[in-house]
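1. how would this look folded up:
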Amino acid sequence: MQTWVTVAVTLATLMVAIVDAKIYERCELAMKLERAGLNGFKGYSIGDWLCMAHYESGFDTSFVDHNPDGSSEYGIFQLNSAWWCDNGVTPTQNLCHMECRDLLNPHILDDILCARQVVSSENGMTAWDSWIRHCSGHDLSEWLKGCNMHAKPDAKKINNS
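-> Numbering: from 1, shown residues only. Below is the predicted model of the structure:
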């Protein structure tokens, strides 16, 4: 009997986590990022942010990836537990002063604020390997096609030395 209760509680918890997840549509996310002031932030366009988020998580707020070093990456921007958040397992710098699980819900303002900190660091968007491989130096105008926005897809990079 106790085993069935444990299974039922576990399944209920998983169902709540699944219901609380969100996979954003490209234009929906673009508008949210623009409203949050990310267009032109540190010289990066909404196209840069969309491209990076697509290759990191597929726009899935609940995505978690586990790394060989024991750290994990969380949420739509795949923020690493060794540096940016506390997962209760990995030794961390917790530079965003937050719990990693808070990056897994559909409310991404905290994710955006933390990602802004990442981009404000000396590495900028190069902190994400996927941005280097798939986005840097590429035409990012396709990421905004069909989206009714004010953002310019071909914003020039600003030198923030």
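2. how far away is Ser121 from His138?
-> Distance, Ser121 to His138, using C-beta to C-beta, to the nearest Å: 22 Å. For the C-beta atoms, the positions are set from N, CA and C on the backbone; glycine is no exception.
3. swap in Phe41?
-> Phe41 is 19 Å from His138, by C-beta to C-beta.
4. can you check Ile108 too?
-> Taking C-beta to C-beta, one finds Ile108 at 24 Å from His138.
5. got it, and Asn87?
-> Taken as C-beta to C-beta, the span from Asn87 to His138 is 32 Å.
6. quick one: which of those two has more around it?
-> Asn87 (19 against 14; other C-beta atoms under 10 Å).
7. let me know whether that one touches Ser72 as I believe.
-> Yes: under the criterion of C-beta atoms under 8 Å, Asn87 is in contact with Ser72, at a separation of 5.9 Å.
8. what sits in contact with each of these two?
-> Common contacts of Asn87 and Ser72 (C-beta atoms under 8 Å, 6 or more residues apart in numbering): 81, 100.
9. which residue, neighbours along the chain excluded, lies closest to Lys32?
-> Ile108 (6.9 Å; C-beta to C-beta, 6 or more residues apart in numbering).
10. quick one: contacts for His150?
-> By C-beta under 8 Å, 6+ apart, the residues touching His150 are 34, 39.
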